[in-house]
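Student: got a predicted structure here, sequence first:
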Amino acid sequence: MSGHSKWNNIREKKGKTDAQKAKVVTKISREILVAAKEGGGANPDTNGKLRDVIAKARANNVPNDNIKRLLDKAAGANNAENYEANIYEGYGPAGVAVMVETMTDNRNRTASEMRHLFDKYGSGMGAQNSVSWGFERKGFLAVTAEGTSEDALMEHALDAGADDIGVSDGYGEDGDETAFEILTSVENFSAVRDELSSKGYSFLRAELVYLPGTTVEITDDADAERFRKLIDALEDNDDVQNVWANDR
């Protein structure tokens, strides 16, 4: 079974290098610290935001020992790290809308770097809500298709409150793995994830995403190359957590 993602802009990237994997672990570690601070403590049983980030960490193969150390650090009175989350919006080549989630200990530095990258490779950074109005916040789960009954997964997911289910290839280390993709509302994300987990499903992805309402096709080769450079540069920035775009 194979297929193309109905939500291609949130499909797992193929062939992540070791350096990219290490950067993902660093960024998720930062998310755990912030979720503990903003969500009311380092206990995932009472902090839903933290519980969601831990699920994302496990889907990205962050070791349990790392997660435990981060929770201990977040619970400590001497945790001096002070990160804040921000979203930057702008346009890439061909009018593609781009949203960038960041987590930084220096807002001025991050804003300057985001503006520089949008000016260099795109059409400039926009004001708040300049493009976010065209995106919807959704829960996203990806379950490996191998050994999974599509009918059973669909029944379990929909009964738990999922909105939609699709199938996509392009997962795994070499991009040759197929997965079922599940969309939920933000409100139902944790419940759907927990219910599927209790039934033995494991996740390749488990996180909140921004899904575009409409998409833009880049037809010019030069624009496509500039867009690729913009996305690569944004994702390579240490302060950037996630990049969402409405390209297709």
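Tutor: Thanks, I have the structure now.
Student: can you give me the helices in this structure?
Tutor: Ranges of helices in the chain, per DSSP state H, are 18-39, 48-59, 64-75, 107-121, 150-160, 186-198, 221-236.
Student: which one of those helices is the most hemmed in?
Tutor: helix 48-59 (a mean of 21; mean count of other CB atoms under 10 Å). For every residue, glycine as well, the C-beta is placed using N, CA and C.
Student: one step back: tabulate the helices of the chain (JSON lines), appending mean pLDDT and distance to residue 86.
Tutor: Converted to JSON lines, the helices of the chain look like this (pLDDT from 0 to 100; distance: least, CB to CB, whole Å):
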{"stretch": "helix 18-39", "mean pLDDT": "83", "distance to residue 86": "11"}
{"stretch": "helix 48-59", "mean pLDDT": "90", "distance to residue 86": "16"}
{"stretch": "helix 64-75", "mean pLDDT": "88", "distance to residue 86": "20"}
{"stretch": "helix 107-121", "mean pLDDT": "96", "distance to residue 86": "6"}
{"stretch": "helix 150-160", "mean pLDDT": "96", "distance to residue 86": "32"}
{"stretch": "helix 186-198", "mean pLDDT": "95", "distance to residue 86": "19"}
{"stretch": "helix 221-236", "mean pLDDT": "95", "distance to residue 86": "13"}
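Student: let me have these in CSV, extended by distance to residue 139.
Tutor: Output for the helices of the chain, formatted as CSV (distance: least, CB to CB, whole Å):
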stretch, distance to residue 139
helix 18-39, 16
helix 48-59, 9
helix 64-75, 20
helix 107-121, 26
helix 150-160, 11
helix 186-198, 3
helix 221-236, 22
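Student: what about those helices, which gets the closest to residue 140?
Tutor: Each of these has some distance to residue 140 by CB to CB; the shortest is helix 186-198, at 8.2 Å.
Student: tell me what angle that closest one forms with helix 150-160.
Tutor: If you take axes from the mean of the first three to the mean of the last three CA atoms, to 10 degrees, helix 186-198 sits at 130 degrees to helix 150-160.
Student: might one say that residue 49 is in contact with residue 39?
Tutor: Yes: in this structure residue 49 lies within contact range of residue 39 using CB atoms under 8 Å: 3.6 Å.
Student: between the two, which contacts overlap?
Tutor: Contact criterion CB atoms under 8 Å, 6 or more residues apart in numbering; no residue bridges residue 49 and residue 39 by contacting each.
Student: residue 163: what's it in contact with?
Tutor: 138, 183, 184, 185, 188.
Student: grab the nearest non-local neighbour of the last one.
Tutor: On the basis of CB to CB, 6 or more residues apart in numbering, the spatially nearest residue to residue 188 that is not a chain neighbour turns out to be residue 161, at 3.8 Å.
Student: state the distance from that neighbour to residue 196.
Tutor: Computed with CB to CB, to the nearest Å, the distance linking residue 161 and residue 196 is 11 Å.
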